[in-house]
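Participant: sequence first, then the predicted structure, then my questions.
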Amino acid sequence: MASKKFDLIPLPFETSSLKIWLSGLAKRKPNGDVVMRIAFVHDWPQDPGLAAGLQERLKEKQIIVPLPGKIRLIAGADTSYRRPLQSGVTALAVAAIVVLSFPELQVVEVVCRATAAPFPYVPGLLTFREGPALVKAFEELTHIPDVVLFDGQGLAHPKGMGIAAHMGILIDLPTIGCAKSRLCGVHDPVPTTKGSSVCLRHGQEVIGAVVRTRTGVKPVYVSPGHRSDIEGSVALTLELCRRFRLPEPIRLAHHAAGRFCPKPDEMA
DNA sequence: GCGACAG
DNA sequence: ATCTTGTCGC
């Protein structure tokens, strides 16, 4: 459940179960709880070829547009792994989603869920390893964020369908990809001062930006996922980097996923 | 054929 | 990502 490092606060404004229920992005669980609804549901292929094919079909649904003008809730999502209790068994993926108020950045909600992760890590197919756990976590979220940040690429992916883009289409919300290293694309050297950024290109197309979030510290790779654009993604990412290299939502999600201890009965 | 390669 | 303690530096 919630990581005890955080103090969950009540929202200082109107965002309730009623609101998400009316938005159409919610569903009611058997136990009565109103939580987020996954807008696009699909099976998780175990075959790399089918996975790549699915990315191409999802690409047609991707929309690159400016972020919403009013942002009150921002979420960060991250996944950690835990070695199986017995060797030779499938690894466990632990997904965490932390919702923060914006611009205060107070923790509003934390959800952690674990699932088996049979799909191996393959560059370009990261979503098929982390996606199942992330979807399970999103289905328990009781607050609908205005934008979600992921620890990986969005548009800056060989097929333009990095984990931020893929998940954005599944939850039908604005998303941003913020990766710690490069997957593809080329770029000029990034000025060493905080706030500097250069374009990340793939051929003649600009697919994202390399952003210096801390002076003298390795830059991060930012690219829009779904319903967001490059400029807005870079600007918001910088606003979310208060004292560290990574934006606060992702840092907190990373921490939450790492310390979560799943009980035997709460994994798929 | 030889590298590169999110987490 | 994960296996892992201490340690160098701002």
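Facilitator: That came through, no problem.
Participant: which residues are contacting stretch A:231-247?
Facilitator: The contact list for stretch A:231-247, computed with Cβ atoms under 8 Å, 6 or more residues apart in numbering, reads A:66-67, A:71, A:74, A:76, A:103, A:105, A:147, A:149, A:151, A:154, A:176-178, A:180, A:195, A:197, A:208-209, A:211, A:213-214, A:217-218, A:220, A:222-224, A:248-249, A:251, A:254. The C-beta positions use only the backbone N, C-alpha and C, and glycine is treated the same way.
Participant: in a strand, that's where A:Val98 is, yeah?
Facilitator: Yes: remark: A:Val98 belongs to a strand, assigned using DSSP: H, G, I helix; E, B strand; the rest coil.
Participant: ok, now how distant is the residue in the stretch 101-250 of chain A that DNA strand C sits nearest to from A:Gly124?
Facilitator: Going by Cβ to the nearest atom of the strand, DNA strand C is nearest to A:Lys180 of the stretch 101-250 of chain A, at 6.2 Å. Applying Cβ to Cβ, to the nearest Å, the value for A:Lys180 to A:Gly124 is 17 Å.
Participant: which one of those two is surrounded by more residues?
Facilitator: A:Gly124 (18 against 13; other Cβ atoms under 10 Å).
Participant: the residue in the stretch 1-150 of chain A positioned nearest to DNA strand C - nearest residue in space that isn't next to it in sequence?
Facilitator: For the stretch 1-150 of chain A, the nearest residue to DNA strand C under the criterion Cβ to the nearest atom of the strand is A:Ser80, separated by 3.5 Å. Spatially, and ignoring its direct neighbours in sequence, A:Ser80 is nearest to A:Ala257 (4.1 Å; Cβ to Cβ, 6 or more residues apart in numbering).
Participant: which parts of the stretch 101-250 of chain A are helices?
Facilitator: A:127-138, A:163-171, A:230-240, A:248-259 (DSSP state H, counting those that start in this stretch).
Participant: so which elements touch the helix or strand where A:Val35 lies?
Facilitator: In the assignment (DSSP states H and E), A:Val35 maps to strand A:34-36. Helices and strands touching strand A:34-36, by 3 or more Cβ pairs under 8 Å, 6 or more residues apart in numbering; DSSP states H and E, are helix A:17-23, strand A:26-28.
Participant: which stretch in the ones you listed is the model least sure about?
Facilitator: With a mean of 54, helix A:17-23 has the lowest mean pLDDT of the helices and strands packed on strand A:34-36.
Participant: pretty sure A:Thr140 sits against A:Val35.
Facilitator: Careful, residue A:140 is Glu and not Thr. Yes: if you go by Cβ atoms under 8 Å, A:Glu140 and A:Val35 touch, sitting 5.6 Å apart.
Participant: residues in contact with the residue of the stretch 101-250 of chain A closest to DNA strand C?
Facilitator: A:151, A:218, A:220-221, A:246.
Participant: quick check: residues of chain A near DNA strand B?
Facilitator: Residues of chain A found near DNA strand B, taking Cβ under 7 Å from any atom of the strand as the criterion, are A:78-79, A:81, A:121, A:123-127, A:151-153, A:157, A:162-164, A:177, A:179-184.
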